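>>> Predicted structure and sequence below. I'll ask about it afterward.
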Amino acid sequence: QKHADVHLQITGHTDNVGATASNLDLSKRRAASVAKVLNDQFGIGADRFVTDGKGDTAPLAPNDKPEGRAMNRRVEFAKVTS
């Protein structure tokens, strides 16, 4: 709230378990859910967020072990500059 001029890109990600289309949908819902919490619980204006999902297309770790899959199920924030 201190920095009302800051806008964020919120991007959801998934591991590779499940169908590609389902993972893409899940990642988009994951990002939207985080934006909703920031708005509802912290009072940060929804107009300050852009959300998207990448599904399982940008893993941080290999998906061949549970630890790697856990790392890939995430949400990332990026400051949007104009």
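Here it is on my side, so go on.
>>> Pick out the residue closest to the middle of this structure.
Centroid-nearest residue in the chain: Gly12, 2.4 Å away (criterion: CA atoms, centre = their mean).
>>> Could you give the bridge partners of it?
Judged by DSSP bridges, the bridge partners of Gly12 are Gly53, Val75.
>>> from memory it sits against Lys28, does it?
Yes - using CB atoms under 8 Å, Gly12 makes contact with Lys28 at a distance of 6.1 Å. C-beta here means a position set from N, CA and C on the backbone, and glycine is covered the same way.
>>> so what's in contact with the two at the same time?
With contacts taken as CB atoms under 8 Å, 6 or more residues apart in numbering, Gly12 and Lys28 have 51-53 as neighbours in common.
>>> of the residues you listed, buried ones?
51, 53 (16 or more other CB atoms under 10 Å).
>>> Include pLDDT when you put the shared contacts of Gly12 and Lys28 into JSON lines, please.
JSON lines is the format used below for the shared contacts of Gly12 and Lys28 (pLDDT from 0 to 100):
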{"residue": "Thr51", "pLDDT": "98"}
{"residue": "Asp52", "pLDDT": "98"}
{"residue": "Gly53", "pLDDT": "98"}
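>>> Just send the shared contacts of Gly12 and Lys28 back as JSON lines, with distance to Met71 too.
Compiled in JSON lines, the shared contacts of Gly12 and Lys28 are given as follows (distance: CB to CB, whole Å):
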{"residue": "Thr51", "distance to Met71": "21"}
{"residue": "Asp52", "distance to Met71": "19"}
{"residue": "Gly53", "distance to Met71": "17"}
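>>> Let me know the closest of the shared contacts of Gly12 and Lys28 to Lys65.
Gly53 (23.2 Å; CB to CB).
>>> That closest one reaches Gly12, doesn't it?
Yes - the pair Gly53 / Gly12 is scored as a contact, 4.3 Å apart, by CB under 8 Å.
>>> what residues are shared contacts of these two?
Common contacts of Gly53 and Gly12 (CB under 8 Å, 6+ apart): 26-31.
>>> Where do the helices of the chain begin and end?
20-42, 66-72 (DSSP state H).
>>> just checking, what packs against the longest one?
On a contact count with 3 or more CB pairs under 8 Å, 6 or more residues apart in numbering; DSSP states H and E, helix 20-42 meets strand 7-12, strand 49-53, strand 75-80.
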